[in-house]
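Chemist: I would like to see how this sequence folds:
(one chain, ligands or ions: 1)
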Amino acid sequence: MSRVPTTLMTGSSGEIGHGLIERLAAAGKPIVTLDVNPLAPALARKVRKEFTGSILDAQLLDRITAEYEVDCVFHLAALLSTRSEFAPVLAHQVNVEGTLNLLEFAQKVGESHGRRVTFFYPSSIAVYGLPTLAVKAAAGRVPEDAFNVPTTMYGANKLSCEHLGRYYALHYKQLSAGPAAGRVDFRGLRFPGLISAATAPSGGTSDYAPEMIHAAAKGEEYACFARPDTRIPFMAMPDAVDAILRLVAAPAARLTRSVYNVGAFAPSAGEIEAAVRAAFPAAHITTEVDEKRQAILDSWPADVDDCAARADWGHAPRYDFASACRDYLIPRIRERYAPNPQGP
Ligand code: SER
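Modeler: Now for the predicted structure:
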């Protein structure tokens, strides 16, 4: 049992968790994690306690409530967009019911400690649904409140959880006798496709970008499933982690929204391929369009309007596409797959 204010992170073994644990641990924040997959040993050493299990397991959440004084939740666990289309009911259970469990967890913890629990939620560009390529081209940088008509289960799940979060923060049990809302300080970001040098993604529809780069560095062939003119926004993982930490640290009075767009750069698939070829001239990349995944990409915006994030809490990504490749992705990914000189 620990009475030290502690951070709970779900989905901690995933791509965002990897970078976020490093930064929170470096800042000295006690962290407990919950994931169906165990943490990599190097990360496990940085957390106070690792719970291996499901966000759908209410007893496990009760145990965490009993053992730790949680004051901040990073709820990262989710099934990504491609995987969710193959298992929509499971996606709803994990993505929506799982989030409801965590919001309820935060509400109860906030009630019992008599203070607000910060709740960070990663939403996505998948909440948008642009009906045609002509509309997508004309829309340009899409603001938060336009085109909220997703075509995917994952997008519907993310949009629904944005509303659930706002409900818990502002309107929870609005007909009850005493004030019940305000225990959960819900803050969300709609992320573009994220590209990490440390991990390769799985189950997403924006995965063609990181897959192409990681495959080239490993010397493997890659058949890109997106048309060369496909354009959606992306962000380098260190900037995604920075954005989370900035949003969570921002004074509540500065925030004008519960969920913000965050952008960084928006290269086409062809431009990504050209950058990968420039760095790895021997790269073997072909295009084999998957029309169904392509339709999902075509429904996502070409870029996002993130003026509110920049104005309210100082969103300021360090990397544009050229510097993300030159200073982060290419050197770090090269190093990651370099043959070990001492190795066999
Ligand atoms: N990158 C995610 C996906 O492709 C979108 O949030 O599923």
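Chemist: What parts of the chain come near the ligand?
Modeler: Residues of the chain lying near the ligand by Cβ under 6 Å from any ligand atom: L80, S81, S124, A126, Y154, F191, G193, G204, T205, S206. Bear in mind the C-beta positions are built from the backbone N, C-alpha and C, glycine included.
Chemist: which residues touch the nearest residue to the fourth one once chain neighbours are set aside?
Modeler: Meaning A126. Excluding the flanking residues, the one nearest A126 by Cβ to Cβ, 6 or more residues apart in numbering is G155, at 3.7 Å. Shown in contact with G155 (Cβ atoms under 8 Å, 6 or more residues apart in numbering): S81, S124, A126, V127, Y128, G129.
Chemist: re earlier: among the residues of the chain next to the ligand, which lie within strands?
Modeler: Using DSSP state E, the subset of those located in strands is S124, F191, G193.
Chemist: residues in contact with the second one?
Modeler: Just to be clear, that refers to F191. Applying Cβ under 8 Å, 6+ apart to F191 gives the contacts P122, S123, S124, I125, M235, A240, V262.
Chemist: State the distance from the fourth one to L170.
Modeler: Put plainly, it is I125. 24 Å (Cβ to Cβ, to the nearest Å).
Chemist: can you pull out the strands in the stretch 151-300 of the chain?
Modeler: Under the criterion DSSP state E, counting those that start in this stretch, the stretch 151-300 of the chain contains strands at 184-191, 193-195, 221-224, 234-236, 259-261, 284-287.
Chemist: can you put those in JSON lines and add distance to V135 and mean pLDDT?
Modeler: Output for the strands of the stretch 151-300 of the chain, formatted as JSON lines (distance: least, Cβ to Cβ, whole Å; pLDDT from 0 to 100):
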{"stretch": "strand 184-191", "distance to V135": "19", "mean pLDDT": "98"}
{"stretch": "strand 193-195", "distance to V135": "20", "mean pLDDT": "97"}
{"stretch": "strand 221-224", "distance to V135": "24", "mean pLDDT": "98"}
{"stretch": "strand 234-236", "distance to V135": "21", "mean pLDDT": "98"}
{"stretch": "strand 259-261", "distance to V135": "18", "mean pLDDT": "98"}
{"stretch": "strand 284-287", "distance to V135": "24", "mean pLDDT": "98"}
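Chemist: Same question for the helix or strand containing G17: list its buried residues.
Modeler: Under the criterion of DSSP states H and E, G17 resides in helix 15-26. The neighbour-count check on helix 15-26 (16 or more other Cβ atoms under 10 Å) flags E15, I16, G17, H18, G19, L20, I21, E22, L24, A25 as buried.
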